[in-house]
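> turn this into a structure:
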Amino acid sequence: MADASFPKVFHLLKQAEFDRVFATRAYAADDHLIIHGCANELPISRLGLSVSKKSGNSPQRNYWKRSIREAFRLNREQMPRGIDIVVRPQKGAKADSLAIQQSLPVLVQKLAKRLKLPSRPTEESA
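This next block holds a predicted model:
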């Protein structure tokens with residue numbers, strides 16, 4: 001495994017970045033997560049989180065955010081590059097770290113296919 005850290009360069013931080021992702025209207029969903037995405041013209045993929053109060057109280061929301069960040073961090077090397085994603089919990093879903101770790105990479109691959117991005121990073125771009 002290369003680098004397991006999660007520096008700010010991998011985060012979506014500005015409202016304009018979130019707006020650009022949502023404006024693309026490309027998404028993938030399952031029983032646990034909904035992810036929205038768009039191409040970003042960068043050699044990396046970036047993550048944004050949208051966990052509303054409808055997802056539960058503060059500890060539950062923080063658990064969602066930690067679990068999603070961890071799933072992204074652990075699977076970053078297997079995910080396509082050059083995509084910005086915003087992840088939010090599916091309505092009524094319970095936060096389950098293992099389910100999130102299994103769900104996120106599959107949904108990102110589906111989204112990359114919809115956006116016509118390469119599904120896996122190539123060796124020469126690594």
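> just for the protein, where's the confidence low?
1-4, 119-126 (pLDDT under 70).
> which residues of it fall in helices?
In the chain, helices defined by DSSP state H lie at 15-24, 58-75, 97-114, listed in chain order.
> how many neighbours does Asp84 have?
22 (other C-beta atoms under 10 Å). For every residue, glycine as well, the C-beta is placed using N, CA and C.
> that one pairs with what?
Taking DSSP bridges, one obtains Cys38, Arg46 as the residues bridged to Asp84.
> and it, how far is that from Val108?
Separation of Asp84 from Val108 (C-beta to C-beta, to the nearest Å): 11 Å.
> touching, Gly82 and Arg46? I think so.
No: under the criterion of C-beta atoms under 8 Å, Gly82 is not in contact with Arg46, lying 9.6 Å apart.
> overlap of the contact sets of those two?
Taking C-beta atoms under 8 Å, 6 or more residues apart in numbering as the criterion, Gly82 and Arg46 both touch Asn40.
> ok, back up a step: let's have the helices of the chain in CSV, adding mean neighbour count and distance to Phe6.
Shown next, in CSV, are the helices of the chain (neighbours: other C-beta atoms under 10 Å; distance: least, C-beta to C-beta, whole Å):
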stretch, mean neighbour count, distance to Phe6
helix 15-24, 14, 17
helix 58-75, 17, 5
helix 97-114, 18, 14
